[in-house]
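**Student:** Got a sequence here, can you build the structure:
(2 chains)
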Amino acid sequence: MPEHMLIVDLSSGRMRREEIPPELLRAYLGGRGLGVRLLRERHTLSPFDPAMPVVFAVGPLCGTPAPTSARIEVVSRSPLTGTVYDCSAGGRFAWRLRAAGLLAILVEGNSPRPVVLAVTSAGEELLPAEELWTKGVGETVSALSGRGSVAAIGPAGENGVLFSSVMMGEGNAVGRGGLGAVLGRKNLKAVTVDGDRTVPVADRVRFDRARADVLRLFRASPVIFGELGISEYGTPALVDLMRQRRMAPTENFRRTVFHGSSCYSGPAIRAAYGAKKEGCFGCPIRCKKRASDGRSLPEYETVSHFGALNGISDLHAIVRSNDACNDLGMDTISAAATLSAWGEARGRFPSPEEIGPLLHDIAHRRGEGDLLAEGSRRVAEALGKPGLSMSVKSLELPAYDPRGAYGMALAYVTSNRGGCHLRAYPISHEILRKPVASDRFTFSGKARMIKIAEDTNAAVDSLVACKFAFFGASLEEYAELLAGATGEHHTPQSLKEIGERIWLTERFYNARNGFTRADDDLPARFFTEAGSSGEGIDIPPIDRARFGEELTKYYRIRGLRDDGSFPDDGFLGRQP
Amino acid sequence: MRSLIAKYAGKMERDRSVVPGRAGIAAQDDVMLSEGAPDLSRLAADVLSHLSCLGVVAASPSLPFAEFLLRRANPDVKTIVPLDTETRTFLHDIPIVRREELAGNPARVIAALLSNRKGVIAEGVGIVASGPVTLEQAYIHYSSVFHACYVKYLLDVLQEGFLLPGEGEAFRAFRETFLRPLTAEGLSFRAGPLDDPGEVLSEIRAAGRYTVERGLVDSFFGNISYRVGGTIFISQTAASLDELAGCVDPVPTDNRSTTGITASSELLAHRRIYEATGARAILHGHPKFAVAMSMLCDVKDCPVKDCWKDCTRVRMLGDIPVVAGEIGAGGLAVRVPPVIGGPGKAIVYGHGVFAIGRDGFEEAFRSMVDVENRCREEYFRRLDTRGGHPSTSVSHIHSR
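**Tutor:** Presented below is the predicted three-dimensional model:
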């Protein structure tokens, strides 16, 4: 079946649908891979250059009943990190985009005035959006409620906050790297999609068998459907676990245990807010939690960073911070981590009462918020204390202290989008024991594990499936789903090879933009200061020499030089 | 990495799943490492060089059952499909590759099959299994295939008799030489009830290790727990019962903490069993004769096709109840608790045995030994009674 993408030139207002060359889809699948490939000719442009595209792309499983596969990837270059950037989000946007007959939308140019891009099966149009400009995400989504699913930016994106998000109308976020600011610069307030087409499945028997296998593995996974798992409690189910493992970043990573964490644990949130399950389209896990009043409740990283990282144990204050970030269109991890770094620099972490006004100041770039809107790396440098930014490649680290999981330490620095836990997601085996457990306090074997996981997850992000699915299932079952959906032969090995191509392409882009081994490093704190040892668990500083040795192994496994560079400049030319 | 290779080679010999000296293990770090029998370690390394995986195990199983299954299959058959729960859930099926297909570049042929499945049966070679994330996974997948073939072969022989030259002799050697008397004698258990967490953890580690050492479970499978007041101490998911130090989660029964998110996938079953029976200890293993016998049924023209998850009946093997149910959040946690209290033990269709101890693990352990011994005796009684004639019914099992 021919797949199409919509190309939108905001500068001229011209739009056209084009068939995507099948060979590109065979080589890159869709989602992240397709988006990264579509940046090839323009990856060295500034994130705010009008010609820099933003790609919204779904994958080949979207629109089918494949579990967890109704996800959208948004790909561009990050103004926060300067790296190639992608982020996936759930909700219903992806499904409705595919139902509009599209696998992707590529947006380029800058509109002369604020607009909304409205897409349906019948066509697309640019709508004036002056009246929506300056509005919060909630109000924007409400105003567009008759147009299907909405992806919108808030004031943070409009004002160029470097960690501004693109928010899905259902409360999911395309977060972290500031792609909201890229849309803001393009004067694109929102995209709506409302399709009504169905997606055919080539081999229904094969597809259904694979789907049954996936669901069986979900049921067998304690992390997914266990009574203490994410289906019941959402990702805050991890709060107690990270406390017990003594790796919950506390007070800007000065410590790794926060004694007030039980105030915002999964059970605490359920008790306080009557958390109900909600899922992305077609997802049986339903890990998203919504309060009885309809508010979207925070994820693990959000409660931990607005909690422990800033020394706050007031659950209601944390939920208010989450609400504010969602409505302003700001990434919760980077917002909380930037406030924490700023707090340590000034000698006092912000109080619960201060955080709300500060978040609004950041989104509107008012007062101190103007500096804070630049993210922790620039804040710490401006304050003359660069070591206080707990970030890698300017992306603030999430709520897994690398001193408590050495694979995670390595994966933070090898991630192509900066300090992210989801590229290789070693927490899966180092902490959650899925698919098997690995020793979290050793680097032995981790270079190869991280490389394989990065390739695997690049493929997962291109299918596009949710990484939580892989707490139970594996590429073995998803390759079968893909084969059933498309009628083409796929195996886990072939998917990993596609993932490797995607990963290396990203690394090559980054290298072209000046990134080197020196950028593949953790903040010095992790090599010089211990975490919070106790209860029989020792959290020493990371051995820098051993870390460096494993990083070198990683480069060799990747086929790179020991300095992390490519052996030659011809990599892209050899790729489809 | 070399120490890990040595560790898993040792485990395979100790659990008697491999012919001594006939295992090859390869692992990739930034360089390829391989150890073991030269031909098999070379094959393992060659296979691994074609895969994006951490490790590969290639070994000759201690029993020829996998090879027999391959040779008993029709020439056009490409996979065998054991019906035990582990296979249904995790392996899906097991590819087989015949000797003539291995001519030329066997590593490439095997790697192509392993690119899509966890383990392969290669004629004349044995079982080859991969570990995508860790080397331990390769060992686990080898062990899973060995287990699945063991159970399937027991059932196939019972139903179809011996079909190949040499099968009868090999099976007799298995029965008379390979199988050892199964007993709880010589083991030391603490008398319960136990209240001190340190003692509980120590006893869980000991009972887990005994379960592996006496062959009631292959290392990676099974789970174990002990209840003290409002806390269930339970082995973690993906934990090896003979390596439980640091792998036991204390889970509050009121769910005030989610630390137990890493607990065994059978946490819910354990909780419900404690609620239903008042027991203090639970042991769950996968003894092979019990798994095989649980899959025999005398009901004709039954509308249930996926017996392992959809059968709602309670069948009896002597006084031992047999129920069906998926693992984890499937039906097992619903169907086992109501039947286990009286007899103190129950078998889950195609899966394994749950046994409880009112105060400590000794009762549970002895119950599991008893179940497996009785299943073993019943299996051979039936085999001897039939005298090699095919049969599918089991008169000992009846509905209630």
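
**Student:** ok, so what distance separates the closest residue to residue B:223 other than its chain neighbours from residue B:332?
**Tutor:** Nearest residue to residue B:223, sequence neighbours excluded (Cβ to Cβ, 6 or more residues apart in numbering or on different chains): residue B:264, at 3.9 Å. For the C-beta atoms, the positions are set from N, CA and C on the backbone; glycine is no exception. Residue B:264 sits 12 Å away from residue B:332, taking Cβ to Cβ, to the nearest Å as the criterion.

**Student:** now swap in residue B:353 and tell me
**Tutor:** Taking Cβ to Cβ as the measure, residue B:353 and residue B:332 are separated by 12 Å.

**Student:** longest single strand anywhere in chain B?
**Tutor:** Taking DSSP state E as the criterion, chain B has its longest strand at strand B:18-28.

**Student:** neighbouring strands for the next helix or strand after that one, and are they parallel or not?
**Tutor:** Sequence-wise, the next helix or strand downstream of strand B:18-28 (DSSP states H and E) is strand B:32-36. Paired strands of strand B:32-36, with direction, are strand B:18-28 (antiparallel) (DSSP bridges).

**Student:** roughly how far is the partner strand from the heart of the chain?
**Tutor:** Chain-centre distance of strand B:18-28: 20 Å, with Cα atoms, centre = their mean, to the nearest Å.

**Student:** Stretch B:126-144 now?
**Tutor:** With Cα atoms, centre = their mean, you get 14 Å for stretch B:126-144.

**Student:** Average pLDDT for that stretch, rounded please.
**Tutor:** What stretch B:126-144 shows for mean pLDDT is 95.

**Student:** How about that stretch, which residues are buried there?
**Tutor:** Within stretch B:126-144, the residues that count as buried by 16 or more other Cβ atoms under 10 Å in any protein chain shown are B:126-144.

**Student:** overlap between the residues you listed and the residues near chain A?
**Tutor:** B:132, B:133, B:134, B:135, B:136, B:137, B:140 (Cβ under 8 Å from any Cβ of the partner chain).

**Student:** need the helices for the stretch 1-150 of chain A, in chain order.
**Tutor:** In the stretch 1-150 of chain A, the helices defined using DSSP state H, counting those that start in this stretch lie at A:22-28, A:31-38, A:93-99, A:137-143.

**Student:** any chance of these in a markdown table, with mean neighbour count, distance to chain B and mean pLDDT too?
**Tutor:** As requested, the helices of the stretch 1-150 of chain A are exported to a markdown table (neighbours: other Cβ atoms under 10 Å in any protein chain shown; distance: least, Cβ to the nearest Cβ, whole Å; pLDDT from 0 to 100):
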| stretch | mean neighbour count | distance to chain B | mean pLDDT |
| --- | --- | --- | --- |
| helix A:22-28 | 16 | 17 | 96 |
| helix A:31-38 | 28 | 16 | 98 |
| helix A:93-99 | 28 | 25 | 96 |
| helix A:137-143 | 20 | 30 | 98 |
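
**Student:** What residues does the stretch 1-150 of chain B have near chain A?
**Tutor:** So far as Cβ under 8 Å from any Cβ goes, the stretch 1-150 of chain B lies against chain A at B:1, B:4, B:27-30, B:51-54, B:88-90, B:92, B:115-118, B:132-137, B:140.

**Student:** Surely residue A:281 touches residue A:99?
**Tutor:** No - contact between residue A:281 and residue A:99 fails when scored by Cβ atoms under 8 Å: they sit 10.2 Å apart.

**Student:** okay, and the helix or strand of chain B with the least pLDDT?
**Tutor:** strand B:397-399 (a mean of 37; mean pLDDT, DSSP states H and E).

**Student:** again, but for chain A
**Tutor:** Least confident helix or strand, chain A: strand A:276-278 with a mean of 90, by mean pLDDT, DSSP H and E.

**Student:** What mean pLDDT does stretch B:194-208 get?
**Tutor:** On average, stretch B:194-208 scores 95.

**Student:** That stretch and chain A in contact?
**Tutor:** No - using Cβ under 8 Å from any Cβ, stretch B:194-208 never reaches chain A; the gap is at least 11.5 Å.

**Student:** which residues sit against that stretch?
**Tutor:** Identification of contacts with stretch B:194-208 by Cβ atoms under 8 Å, 6 or more residues apart in numbering or on different chains yields B:188-190, B:222, B:224-226, B:228-229, B:233, B:235, B:241-242, B:244-245, B:248, B:250, B:280-281, B:283, B:360-361, B:364-365.

**Student:** Any of the residues you listed buried? List them.
**Tutor:** Buried members of the contacts of stretch B:194-208, counted by 16+ other Cβ under 10 Å: B:189-190, B:222, B:224-226, B:228, B:233, B:235, B:241-242, B:244, B:248, B:250, B:280-281, B:283, B:360-361, B:364-365.

**Student:** Of these, which are in range of chain A?
**Tutor:** Among those, no residue lies close to chain A (Cβ under 8 Å from any Cβ).

**Student:** Does residue A:194 touch residue A:119 like I think?
**Tutor:** Yes - at 7.3 Å, residue A:194 counts as touching residue A:119 under the criterion of Cβ under 8 Å.

**Student:** Could you name every residue contacting both of these two?
**Tutor:** residue A:100.

**Student:** give me the residue from chain A nearest chain B.
**Tutor:** In chain A, the residue that lies nearest chain B is residue A:493 (3.4 Å; Cβ to the nearest Cβ).

**Student:** Kindly export the helix or strand containing that residue (C-alpha atoms) in CSV.
**Tutor:** For residue A:493, the host element (DSSP H and E) is helix A:492-512. C-alpha atoms of helix A:492-512 as CSV (Å, rounded to 0.1, in the frame of the first residue of the first chain):
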residue,chain,number,x,y,z
PRO,A,492,14.2,-9.1,15.4
GLN,A,493,17.7,-9.1,13.7
SER,A,494,16.5,-7.2,10.7
LEU,A,495,14.8,-4.6,12.9
LYS,A,496,17.9,-4.2,15.0
GLU,A,497,19.9,-3.6,11.8
ILE,A,498,17.5,-0.9,10.8
GLY,A,499,17.8,0.5,14.3
GLU,A,500,21.6,0.6,14.0
ARG,A,501,21.3,2.5,10.7
ILE,A,502,19.1,5.1,12.4
TRP,A,503,21.3,5.4,15.4
LEU,A,504,24.5,5.9,13.4
THR,A,505,22.8,8.5,11.2
GLU,A,506,21.9,10.5,14.3
ARG,A,507,25.4,10.2,15.6
PHE,A,508,26.7,11.3,12.2
TYR,A,509,24.5,14.3,12.2
ASN,A,510,25.6,15.2,15.7
ALA,A,511,29.3,14.8,14.7
ARG,A,512,28.7,17.2,11.7
